[in-house]
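Undergrad: return atomic coordinates for the entry below.
(one chain, ligands or ions: 1)
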Amino acid sequence: MTQQQYDFDLFTIGGGSGGVRASRFAAQYGARVALAEKQYLGGTCVNVGCIPKKLLSYSAHYHDDLRDAAGFGWDIGDTRFDWKKLIANKDEEITRLNGIYGDLLSSAGVTTFDGHATIEDAHTVRVNGQRITARYILIATGGRPTLPGVPGEEFGIVSDDFFHMKELPDHAVVAGGGYIAVELAAILNGLGTKVTLVHRGSQLLRGMDADLGKFLAEEMRKKGIDVRCGTKFRSIQLKDDGTRQVHFENGETLDVNTVVFATGRHANTENMGLEQVGVKLTPTGGVEVDADFRTSIPSIFAVGDVINRIALTPVALAEGMVVASALFDNGSRKISYENIPTAVFSHPNVATVGITEEAARAKYGQIKVFKSDFKALKHTISGSKERVLMKLIVDEASDRVLGVHMIGPDAGEIIQGFAIALQSGATKTHFDMTIGIHPTIAEEFVTMRTPILQTV
Ligand code: FAD
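TA: The predicted structure is shown next:
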């Protein structure tokens, strides 16, 4: 088949972050593009991920703000929180975003299909019974939450359901120790739910610098969250009155209204014909791709959460642009997986860029660690006990800053700029030469002078 004999140059399966971005860019480069989405445009991030999570997190922050206001002379009076109103406003915003995604695709000239797409062969897709051919196929089907395999887990909910809960629970167990678990726990806590965070591992935020997980657990406890690490579920029972009775392996039980599982996600690779076509999967169940995002079938590509690399929206966007540019432009767009900054919208926020102290020591041997743990100016009179943690990891030989880690207000906003510094190869001397902005929390990053630990 020549190029014109295909119905489209590119057929994208999945209208989330990666799929929409790749499709728009491909169309702007002149390709004839179609996209199939089976549920909602914008995918996980817009509908049940980053956006609703951050909106709910903003709402939960008012709890601290209202309380802290008293120290600044404000008498707020009685306050009341309305979950239904928050969810309705959040839904309205998401509907608006769904529309924007649709407009972006149509104005770029992308043909959209509402429906579940399957792949029939290297150049053929089927949606709603219709066979469509394309020179290239892009799999951008994302992932979904998984349950941990606990008896009675069907009485719990996952993050997708969390954003549509009818009521705010009085008492909830949140299961998991990763970023989604701590974020959902913080939202519930801020909105007034009694929260027990149950994690089977020894520490929160595995994979991040160990100090972050420890410090965050303490901060969450100060806010009233019962953080239980090293705790495993045995089973969940549904009582007649709708209460969930949670049984733990240590023999303890808890009666709660809701159990939220944030215990993992799995790539969406099922029921798509991947096996028949011969698209290989990785041992963890993601679609296997090479450095150019090409699968084991040369005409089929994959990006985003479905490839199980780094499950973040900006990464899916960047991967989508790399594929569009490689297939339909000059291939000049590249992605670097080094120094990808990330934030956790727990309360307080966590953000990080670069490598952990543990990884730096293993890779570079001699490192310097600068660490600061302090009470922010605001809390000197707010009455809050919240503290800030900041940490820099520096390679002793080259003086390069290898990692910047933080827990504190707006950590994500602060670390974004430091990501550019690290990507540009900034050294500790550059940090020291930088004048701080006073009085801010962020200035501490350019005023830390004495390393706390030196390895040999
Ligand atoms: P998705 O956005 O999941 O899109 C995949 C789309 O494919 C879906 O719309 C799905 O319906 C569709 N689809 C699947 N199979 C088919 C099929 N066969 N046919 C047609 N359509 C199909 N990332 C951040 O960067 N920052 C955050 O703060 C953040 N917070 C998050 C919070 C939560 C609770 C969750 C769950 C995720 C969060 N993420 C965050 C991760 C982020 O949402 C994902 O990394 C991102 O959405 C991945 O984009 P994607 O295009 O790979 O997949």
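Undergrad: once you drop chain neighbours, what's closest to the residue in the stretch 51-200 of the chain that the ligand sits nearest to?
TA: As assessed by Cβ to the nearest ligand atom, the ligand sits closest to Gly142 within the stretch 51-200 of the chain, at 2.1 Å. Every residue, glycine included, has its C-beta placed from N, CA and C. Among residues not flanking Gly142 along the chain, Asp305 sits closest, at 4.5 Å (Cβ to Cβ, 6 or more residues apart in numbering).
Undergrad: helix/strand/coil for that neighbour?
TA: Secondary structure state of Asp305, per DSSP: H, G, I helix; E, B strand; the rest coil, is helix.
Undergrad: what ranges do the helices span in the stretch 201-350 of the chain?
TA: For the stretch 201-350 of the chain, the helices defined by DSSP state H, counting those that start in this stretch cover 210-222, 274-277, 313-328.
Undergrad: list the helices and strands the longest one packs on?
TA: Put plainly, it is helix 313-328. Judged by 3 or more Cβ pairs under 8 Å, 6 or more residues apart in numbering; DSSP states H and E, helix 313-328 is in contact with strand 8-13, helix 17-28, strand 130-139.
Undergrad: what residues does the stretch 51-200 of the chain have near the ligand?
TA: Within the stretch 51-200 of the chain, the residues that sit near the ligand (Cβ under 6 Å from any ligand atom) are Lys53, His116, Ala117, Ala140, Thr141, Gly142, Ser159, Ile180.
Undergrad: restricted to strands, list those.
TA: Using DSSP state E, the members of those that fall within strands are Ala117.
Undergrad: most neighbours out of the residues of the stretch 51-200 of the chain next to the ligand, which is it?
TA: Ala140 (32 neighbours; other Cβ atoms under 10 Å).
Undergrad: surely that residue and Thr12 touch.
TA: Yes - with contact defined as Cβ atoms under 8 Å, Ala140 counts as touching Thr12 (5.8 Å).
Undergrad: and for Leu317, the neighbour number?
TA: 21.
Undergrad: which neighbours do Ala140 and Thr12 share?
TA: The contact sets of Ala140 and Thr12 overlap at Gly19, Ala22 (Cβ atoms under 8 Å, 6 or more residues apart in numbering).
Undergrad: in JSON lines, list the helices of the stretch 201-350 of the chain along with mean pLDDT.
TA: Formatted as JSON lines, these follow (pLDDT from 0 to 100):
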{"stretch": "helix 210-222", "mean pLDDT": "98"}
{"stretch": "helix 274-277", "mean pLDDT": "96"}
{"stretch": "helix 313-328", "mean pLDDT": "98"}
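Undergrad: which one of these is the most hemmed in?
TA: helix 313-328 (a mean of 23; mean count of other Cβ atoms under 10 Å).
Undergrad: wait, Asp399 sits on Lys428?
TA: Yes - if you go by Cβ under 8 Å, Asp399 and Lys428 touch, sitting 5.2 Å apart.
Undergrad: who has more neighbours, the two?
TA: The neighbour comparison of Asp399 against Lys428 (other Cβ under 10 Å) goes to Lys428, with 22 against 15.
Undergrad: OK, contacts around the more buried one?
TA: Contacts of Lys428 by Cβ under 8 Å, 6+ apart are Lys368, Phe370, Leu392, Val394, Asp399, Arg400, Val401.
Undergrad: number of residues surrounding the residue nearest to Lys223 when sequence neighbours are not counted?
TA: With Cβ to Cβ, 6+ apart as the criterion, Lys223 has its nearest non-adjacent residue at 5.7 Å, and that residue is Asn189. Look at Asn189: counted by other Cβ under 10 Å, it has 23 neighbours.
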